[in-house]
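[1] using only what follows, build the 3D model:
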Amino acid sequence: MNKVYKVIRVITVAPVLALAMAGVVAWNCGGVFPSAWNLAYSMFFLGVLPLLAYPLQKYIPAYKDKGREGQRNLAIIFAAAGFTIHHESYNAYVDYKEKEADWEKRYGGDNPKGYKESLYERLKNQSERTTEYRQQNADKNKGRGAR
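    Have a look, this model is predicted:
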């Protein structure tokens with residue numbers, strides 16, 4: 001019976017439940033994790049990192065002799081650190097994707113041929129574009145007389 005209790009105690013540790021829930025959400029709710037990489041780092045920072053507190057407790061001097069209570073306290077610290085790192089990195093990823101979409105909207109879709117020039121190519125071709133623009137405007141203003 002003690003083995004059953006121990007199995008239940010291990011399974012119901014918060015990081016194990018976080019890992020299980022991340023897997024369930026990824027499986028049942030498509031689109032929550034945009035890629036396998038997002039799922040992997042979510043599982044690491046929300047599940048694996050807090051679990052590392054248990055074996056690492058004996059190597060951290062402040063928690064070495066505190067037993068089970070030290071493990072729990074260290075796990076709380078690791079969980080908070082994992083959540084913070086995950087949260088900040090996810091926010092940075094979302095900001096990056098928004099800026100990328102904005103850039104694509106501004107600079108990527110204006111070419112009618114579907115070819116997207118790089119910034120280097122745009123700068124290199126700027127003098128040609130300026131010359132073409134001036135020639136077009138000169139043709140439009142031919143009949144208006146000199147100014």
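[2] list the buried residues in the longest helix anywhere in the chain.
    Using DSSP state H, we find that the single longest helix of the chain is helix 67-103. Buried residues in helix 67-103, counted by 16 or more other CB atoms under 10 Å: Gly70, Gln71, Arg72, Leu74, Ala75, Phe78, Ala79, Gly82, His86. C-betas here are computed from N, CA, C, even on glycine.
[3] likewise for stretch 19-33?
    Leu19, Ala22, Ala26, Phe33.
[4] got TSV for those residues, with distance to Gln126 too?
    Shown next, in TSV, are these (distance: CB to CB, whole Å):
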residue	distance to Gln126
Leu19	53
Ala22	49
Ala26	47
Phe33	42
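[5] and which of those residues is nearest to Thr131?
    Ranked by distance to Thr131 (CB to CB), the buried residues of stretch 19-33 are led by Phe33 at 49.6 Å.
[6] wait, what's in contact with that closest one?
    Val25, Ala26, Leu39, Ser42 (CB atoms under 8 Å, 6 or more residues apart in numbering).
[7] quick one, phi psi at it?
    phi -110, psi 110 (degrees, to the nearest 10).
[8] from Glu69, how far off is it?
    Relative to Glu69, Phe33 is positioned 35 Å away (CB to CB, to the nearest Å).
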